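A.B. asks: The sequence isn't on hand, but the structure is:
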């Protein structure tokens, strides 16, 4: 805060705009991380379908809006499309016995062609089209505040639904499948069905993030999914490293905070002119590596202290 107070008024205004924008983007990208949380943390699957489901959700939503579909309904259709992508990956893993990493890569690669067929071109604009954000124009909110509001509303809804689902017997069966497949099978749980269900839910939420971010950005691009899994992982890892010993619901909330912190870190680095805009993916990888290393460094330090 002292740093902000020492800035000139104009610079302070620009910085606050950057911070609000970072919070807004973090709230929206947090949805993507919630989807990945199901596959990566609950099912223990590194699902590369993420990088295909994200542009799929964006492409389906944008083309639906172009064809006169209501933005809310277009977003729901995008979620269904993402769930179908998860179904394909789940089928490859459980029925075709293809390793999960390879199955995700196969689906992701196929979705590149599918997205091109859906949109008919590499990118598609939403210029002068009604989006879900148009509903907030009547509120006359300051710049980026509509994005923050929608992001937190969706986060509360998704976290609430995930918390309720994973507290049910079906949700617990999904968690058991991710924890120990053999034990889950011994308990009479259909691990194949649970794997497919988990991947469908994960990629449905990821497609939702793609649809919302496409409407926020004003366009959809077939290559927009490149590197998004790194961004989503960053939010999960940062949230888990900073906030520890949390309940399941609290871990989901921490994922959203992790996404916001990640965006604020990028803004800070960008403001210091350390990197260019093209180096964001490199910084993302370095941030994840740093936060993954911190717990190990702390553990090593404690062990040395005990000795």
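C.D. replies: That came through, no problem. Predicted model only: the values in this text are computed from it and were never measured.
A.B. asks: only C-alpha atoms for contact and neighbour calcs from this point on.
C.D. replies: Will do.
A.B. asks: Setting aside sequence neighbours, what's the nearest residue to the residue positioned nearest the centre of the chain?
C.D. replies: The structure's the chain has its C-alpha centroid closest to residue 32; by CA atoms, centre = their mean the separation is 1.3 Å. Nearest residue to residue 32, sequence neighbours excluded (CA to CA, 6 or more residues apart in numbering): residue 206, at 4.8 Å.
A.B. asks: Specify the local secondary structure of that neighbour.
C.D. replies: Three-state call for residue 206 (DSSP: H, G, I helix; E, B strand; the rest coil): helix.
A.B. asks: residues touching it, list them.
C.D. replies: 31, 32, 33, 34, 35, 36, 50, 53, 54, 57, 79, 82 (CA atoms under 8 Å, 6 or more residues apart in numbering).
A.B. asks: now residue 175: how far from residue 273?
C.D. replies: To residue 273, residue 175 is 43 Å away according to CA to CA, to the nearest Å.
A.B. asks: Which of those two has more residues huddled nearby?
C.D. replies: Legend: neighbour count by other CA atoms under 10 Å for residue 175 and residue 273, higher for residue 175 (23 against 10).
A.B. asks: which non-adjacent residue is nearest that one?
C.D. replies: Closest residue to residue 175 apart from its sequence neighbours, by CA to CA, 6+ apart: residue 42 at 5.7 Å.
A.B. asks: and the gap between that neighbour and residue 223?
C.D. replies: Taking CA to CA, one finds residue 42 at 27 Å from residue 223.
A.B. asks: same check, this time on residue 148
C.D. replies: Computed as CA to CA, the residue 148 to residue 223 distance reads 25 Å.
A.B. asks: ditto for residue 158
C.D. replies: Residue 158 is 26 Å from residue 223, by CA to CA.
A.B. asks: Tell me which of residue 148 and residue 223 has more neighbours.
C.D. replies: residue 148 (19 against 16).
A.B. asks: tell me what the helix or strand harbouring that one is packed against?
C.D. replies: Element membership of residue 148 [criterion: DSSP states H and E] is helix 145-166. Packing partners of helix 145-166 (3 or more CA pairs under 8 Å, 6 or more residues apart in numbering; DSSP states H and E): helix 9-37, helix 169-179, helix 248-271.
A.B. asks: Which one of those lies nearest to residue 114?
C.D. replies: Closest to residue 114 of those, according to CA to CA: helix 9-37, at 20.4 Å.
A.B. asks: pLDDT below threshold where in the protein?
C.D. replies: Scanning the chain for pLDDT under 70 picks out 1-14, 274-277, 299, 302-307.
A.B. asks: one more time with 50, if that's ok
C.D. replies: 1-4 (pLDDT under 50).
A.B. asks: Just the helices from the stretch 201-307 of the chain, written as ranges.
C.D. replies: 228-242, 248-271, 280-306 (DSSP state H, counting those that start in this stretch).
A.B. asks: how about those helices in CSV, adding distance to residue 201 and mean neighbour count?
C.D. replies: CSV is the format used below for the helices of the stretch 201-307 of the chain (distance: least, CA to CA, whole Å; neighbours: other CA atoms under 10 Å):
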stretch, distance to residue 201, mean neighbour count
helix 228-242, 16, 22
helix 248-271, 15, 21
helix 280-306, 25, 13
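A.B. asks: Output the helices and strands packed on helix 145-166 as TSV; include the columns distance to residue 293.
C.D. replies: Listed next are these as TSV, based on distance: least, CA to CA, whole Å:
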stretch	distance to residue 293
helix 9-37	20
helix 169-179	23
helix 248-271	16
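A.B. asks: So for residue 107, which of those helices sits nearest?
C.D. replies: helix 9-37 (15.6 Å).
A.B. asks: Who are the packing partners of that closest one?
C.D. replies: Packed against helix 9-37, as judged by 3+ CA pairs under 8 Å, 6+ apart, are the following elements: helix 145-166, helix 191-217, helix 228-242, helix 248-271.
A.B. asks: For the first one, give me every contacting residue.
C.D. replies: Contacts with helix 145-166, where a contact means CA under 8 Å, 6+ apart, come from 20, 23-25, 27-28, 30-31, 133, 136, 171-172, 174-175, 216, 248-249, 252-253, 256.
A.B. asks: show me what contacts residue 75?
C.D. replies: Per CA under 8 Å, 6+ apart, neighbours of residue 75: 57, 61, 208, 211, 212.
A.B. asks: sorry, back to before: the helices and strands packed on helix 145-166: which one's closest to residue 110?
C.D. replies: Closest to residue 110 of the helices and strands packed on helix 145-166 is helix 9-37 (CA to CA; 19.5 Å).
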